[in-house]
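Student: this is a predicted model, with the sequence first.
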Amino acid sequence: MQVRVESYSGYKADQRPLCFYLRERKYQVEEVLDQWYGPDDTYFRVRAEDGNIYILRHAHAGPEGSWTLESFRRTRVLD
């Protein structure tokens with residue numbers, strides 16, 4: 001699923017995600033739990049402000065790259 005991501009750019013572009021949008025809702029990234037690299041991609045396992053865990057993939061192909069949601073895990077029980 002395509003997502004829009006606002007990211008921190010320090011010594012390189014899109015160094016880590018700060019927040020992302022699923023449909024119209026904004027999710028603030030509270031913590032980057034893990035990060036790993038593929039041949040053409042960077043993956044981030046993050047905990048968002050809703051307490052759930054998301055895996056975001058940043059594909060480096062193309063001029064801007066693209067972000068997708070690869071996985072989601074609910075960690076909180078809804079009331």
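Tutor: Alright, I've got the coordinates.

Student: drop to CA atoms for contacts and neighbour counts, all remaining ones
Tutor: Fine.

Student: quick one: Glu49 from Tyr11, how far?
Tutor: 26 Å (CA to CA, to the nearest Å).

Student: cool, and Asp50?
Tutor: 29 Å.

Student: and these two? Which one has more around it.
Tutor: Using other CA atoms under 10 Å as the criterion, Asp50 and Tyr11 rank with Asp50 on top: 13 against 7.

Student: would you agree the more buried one is in contact with Lys26?
Tutor: No - counting by CA atoms under 8 Å, Asp50 stays clear of Lys26, with 10.4 Å between them.

Student: contacting residues for Leu22?
Tutor: By CA atoms under 8 Å, 6 or more residues apart in numbering, Leu22 lies in contact with Val3, Arg4.

Student: rerun at 7 Å
Tutor: Contact analysis of Leu22 by CA atoms under 7 Å, 6 or more residues apart in numbering lists Val3.

Student: quick check: buried residues in stretch 54-69?
Tutor: Buried positions in stretch 54-69, judged by neighbour count with 16 or more other CA atoms under 10 Å: Tyr54, Ile55, Leu56, Arg57, His58, Ala59, Ser66, Trp67, Thr68, Leu69.

Student: how far does that stretch stretch from one end to the other?
Tutor: Start to finish, the residues bounding stretch 54-69 are 7 Å apart (CA to CA).

Student: again, but for stretch 57-71
Tutor: Length of stretch 57-71, first residue to last, CA to CA: 9 Å.

Student: give the rounded mean pLDDT of it.
Tutor: If you average the pLDDT over stretch 57-71, you get 84.

Student: likewise stretch 40-52?
Tutor: Mean predicted lDDT for stretch 40-52 stands at 95.
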